[in-house]
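structural data only, the sequence is not supplied:
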């Protein structure tokens, strides 16, 4: 049989390996193939070279398979990073955000990310960045709204005449 060649093999290898890690099922199938090669007598180094992993990764897959069977190759659920703000505290913050910031001694009329970050640091000793504070607004159903600046001592008739689509 004639030897086949894959076009752009370097890019193809990278793309295939990327696809293999996209879903839990594809990672599971990939691990099954690794264990299958070892079961057929291949060395972990050979399997690692073909599948694009470290030999210790292949060894870990085989150990997991030997201990737990096929289910040992499935991804376990990942808890992720625990939240800094508990559900109870989140409810309290949500209620505070629905009040005017002046009630808490601030000079602003509206809450924003900077003020919320400062408020959480002072009141609850929580260090949360401005962007994370803005995400809290989104989580609580707020939308970002700022008052438009008003030109001091501006002539409303001159402003209307200046507009592109003015009535006059």
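Cool, the structure landed. Since the structure is predicted, the reported quantities are computational estimates derived from the model, not experimental observations. Numbering: from 1, shown residues only.

the longest helix in this protein is where?
Across the chain, the longest stretch assigned as helix under DSSP state H is helix 24-39.

please name every helix or strand in contact with that helix.
Counting contacts by 3 or more CB pairs under 8 Å, 6 or more residues apart in numbering; DSSP states H and E, helix 24-39 packs against helix 9-20, helix 44-51, helix 55-68. Backbone N, C-alpha and C define where each C-beta goes, glycine included.

which one of those lies closest to residue 116?
Nearest to residue 116 among these is helix 9-20 (38.5 Å), distances taken as CB to CB.

tell me how the chain divides into domains.
The chain breaks down into these domains under automatic domain parsing: 10-73, 87-139.

how far out from the middle of the chain is the last one?
On the basis of CA atoms, centre = their mean, to the nearest Å, the separation between the geometric centre of domain 87-139 and that of its chain is 22 Å.

number of residues surrounding residue 105?
Residue 105 has 8 neighbours, counted by other CB atoms under 10 Å.

give me the pLDDT value at it.
With respect to pLDDT, residue 105 scores 94.

phi, psi of residue 72?
With angles defined as degrees, to the nearest 10, residue 72 sits at phi -70, psi -20.

test my guess that it contacts residue 60.
No. Taking contacts as CB atoms under 8 Å, residue 72 lies outside contact range of residue 60: 9.9 Å.

what pLDDT, on average, does stretch 46-53 get?
So the average pLDDT for stretch 46-53 ends up being 91.

in the chain, which ranges drop under the pLDDT threshold?
Scanning the chain for pLDDT under 70 picks out 146-152, 166-168.
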